[in-house]
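Peer 1: Pasting the sequence and the predicted coordinates here, then a few questions.
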Amino acid sequence: MDPSEQPVVRSVADYLVALERWRFPPEGDLAAPSESQWYSGWRRIVLKVVPSRFIEPARVCMTRVLMATRSQRQLQAPVDGLALHLACGEHHVDGWVNVDLVGSRADIVWDLRKRLPVKQGTVRAIFHEHFLEHLPLTDAVQMLRDCHGLLMPGGVLRIGVPDFQRHFRSYIESDGFLEQIRPGRPSSLLVLNELIYSYGHTSLWDSDTFRAILEEIGFAEVQVKEFGQSVLVPAPDLIDRQFGTLYIEAIKSAVA
């Protein structure tokens with residue numbers, strides 16, 4: 001970035017006022033158009049009119065009602081196994097069964113805190129991106145165990161989470177990464193505050209933590225991957241997550 005184009009660092013007072021406009025502070029300048037302007041139709045109206053604290057409970061409630069009517073239905077896996085995209089949000093991946101709450105672009109509406117209606121050992125691939133960090137550690141570990149049970153031998157689990165280690169390293173080393181991705185904040189620590197506390201994150205992840213947990217669960221070949229680098233072709237990664245995301249890929253062992 002040209003130095004002349006660097007955003008002016010806000011005062012703390014101005015920063016707090018700007019932050020109030022966002023449920024989820026964006027990478028880049030907080031002076032960007034508000035998130036409601038990113039959407040069209042009913043989503044734009046809802047984001048403008050309904051307080052954010054009411055949106056998620058309403059989505060969960062509506063999802064649970066729909067789940068109650070479908071509780072006996074089990075997803076049927078093709079011969080080569082299902083490919084599940086969990087917590088898909090607005091990111092619908094063709095060729096995958098996309099799963100999330102009401103209001104997303106999901107194929108299957110489901111609260112992922114409940115066990116999926118999928119037969120054990122019938123899934124060839126599971127992908128979730130910027131989801132696991134929203135679960136408390138105990139729930140997150142249980143989710144990873146559930147994924148292991150759903151996968152067939154040789155099945156692939158691909159996970160993307162915020163690269164907390166990269167962000168913390170930048171804070172310690174003052175290498176400019178934090179200022180590059182979230183310019184105009186009064187301090188680097190406020191960038192970390194956004195990353196950890198402004199999105200409902202309740203667990204932090206790095207590659208060592210993933211290896212310890214996934215290997216203990218029974219996964220093999222736990223590897224760090226780059227954006228778009230995967231045994232899954234094409235990789236299901238969302239282009240908007242290209243920077244600042246840690247990708248982990250693990251294979252369920254073919255030997256019990």
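Peer 2: Everything's here; your move.

Peer 1: Now do the same for stretch 32-48: mean pLDDT, whole number.
Peer 2: Here stretch 32-48 scores 62 as its mean pLDDT.

Peer 1: quick one, strands of the stretch 51-200 of the chain?
Peer 2: In the stretch 51-200 of the chain, the segments counted as strands under DSSP state E, counting those that start in this stretch are 82-86, 97-100, 108-109, 123-129, 151-162.

Peer 1: rank the ones you listed by mean pLDDT and give me the bottom one.
Peer 2: Lowest mean pLDDT of those: strand 108-109, a mean of 92.

Peer 1: tell me which strands and helices it is in contact with?
Peer 2: Applying 3 or more CB pairs under 8 Å, 6 or more residues apart in numbering; DSSP states H and E, one finds that strand 108-109 makes contact with helix 52-69, strand 97-100. In this view, the C-beta of every residue, glycine as well, is placed from N, C-alpha and C.

Peer 1: can you list the ones you listed in JSON lines and add distance to Ser170?
Peer 2: JSON lines is the format used below for the helices and strands packed on strand 108-109 (distance: least, CB to CB, whole Å):
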{"stretch": "helix 52-69", "distance to Ser170": "28"}
{"stretch": "strand 97-100", "distance to Ser170": "31"}
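
Peer 1: and among the ones you listed, the most buried is which?
Peer 2: For the helices and strands packed on strand 108-109, ranked by mean neighbour count under the definition mean count of other CB atoms under 10 Å, the leader is strand 97-100 at a mean of 22.

Peer 1: Which other helices and strands does that one contact?
Peer 2: strand 82-86, strand 108-109.

Peer 1: For Gly121, which of those strands is the nearest?
Peer 2: strand 82-86 (10.7 Å; CB to CB).

Peer 1: Provide the contact partners of that closest one at residue level.
Peer 2: Residues from elsewhere that reach strand 82-86 (CB atoms under 8 Å, 6 or more residues apart in numbering): 75, 91, 93, 95-100, 112, 116, 118, 122-128, 131, 150, 236.

Peer 1: Among these, name the buried ones.
Peer 2: Among the contacts of strand 82-86, those classed as buried by 16 or more other CB atoms under 10 Å are 75, 91, 93, 96-100, 112, 116, 118, 122-128, 131, 150, 236.

Peer 1: Do you have the helices of the protein handy? List them.
Peer 2: Here the chain has its helices, by DSSP state H, at 12-19, 41-49, 52-69, 137-150, 164-173, 177-181, 188-197, 207-217.

Peer 1: could I get those as TSV with distance to Leu82?
Peer 2: Compiled in TSV, those are given as follows (distance: least, CB to CB, whole Å):
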stretch	distance to Leu82
helix 12-19	40
helix 41-49	28
helix 52-69	18
helix 137-150	8
helix 164-173	30
helix 177-181	35
helix 188-197	33
helix 207-217	20
